[in-house]
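Undergrad: quick one: sequence and predicted model below, then my questions.
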Amino acid sequence: MNKTKRNLILSAAILNLINMVANLVVAIIYCVDPEYYINTIGQYIYIISFYSVYFVFVEVVAGIIGSILLIYSVRKRGKYFRYSQKYYIAGLIIVILAGGWIPWILLLISMFIPDIIIINSPSEIRREERAEENANNEKKKKVEELRKLRDDGVITEEEFNKQLMDLL
């Protein structure tokens, strides 16, 4: 995954979480002491009516879920992004509906950045290729060991097949 896209998605998720926490704090202040809210905070922020407090709580829960989905979609440095795009789309929609305007602008920008790796350095690409090659070599060695054990009669054909399926 492109580093820029991953960073934009993570930034949007974090900013959305901060926005949700701020909304939750304002709603709690209103619930605890409505007079204090109207006299101090209400001058600078829209006045929350009693019915919109419930809406704020629902919005906060939805926003947190959207942020979690966005963070989950770029797990392992974006390695599984193509497989978890459904989580990205769900998080994107939830954040656009429940979040602030800065997170959804970041997500909108990230939509136009391609998923391909174009910014990773050649050394990072070589390191990933070497890690995959090492993993494949280890599997080949284990398969050869299993074949040798089967050929020597130490394990049966069924045990060989079971261990081979577990390995692969």
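TA: Okay, I see it.
Undergrad: please make it C-alpha for all contacts and neighbour counts, starting now.
TA: Will do.
Undergrad: next SSE downstream of the helix or strand containing residue 35?
TA: Here residue 35 sits within helix 34-39, counting by DSSP states H and E. Sequence order places helix 50-73 as the next helix or strand after helix 34-39, per DSSP H and E.
Undergrad: what does that next one contact?
TA: 9-10, 12-14, 16-17, 20-21, 23-24, 27, 31, 80-81, 84-85, 87-88, 90-95, 98-99 (Cα atoms under 8 Å, 6 or more residues apart in numbering).
Undergrad: same thing but 7 Å
TA: With Cα atoms under 7 Å, 6 or more residues apart in numbering as the test, helix 50-73 has contacts from 9-10, 13, 16-17, 20, 23-24, 27, 81, 84-85, 87-88, 91-92, 94-95, 98-99.
Undergrad: could I get the average pLDDT for that helix?
TA: What helix 50-73 shows for mean pLDDT is 84.
Undergrad: how about the very next helix or strand once past it: buried residues?
TA: As assigned by DSSP H and E, the chain's next helix or strand after helix 50-73 is helix 75-78. Residues of helix 75-78 classed as buried under the neighbour-count rule (16 or more other Cα atoms under 10 Å) are residue 78.
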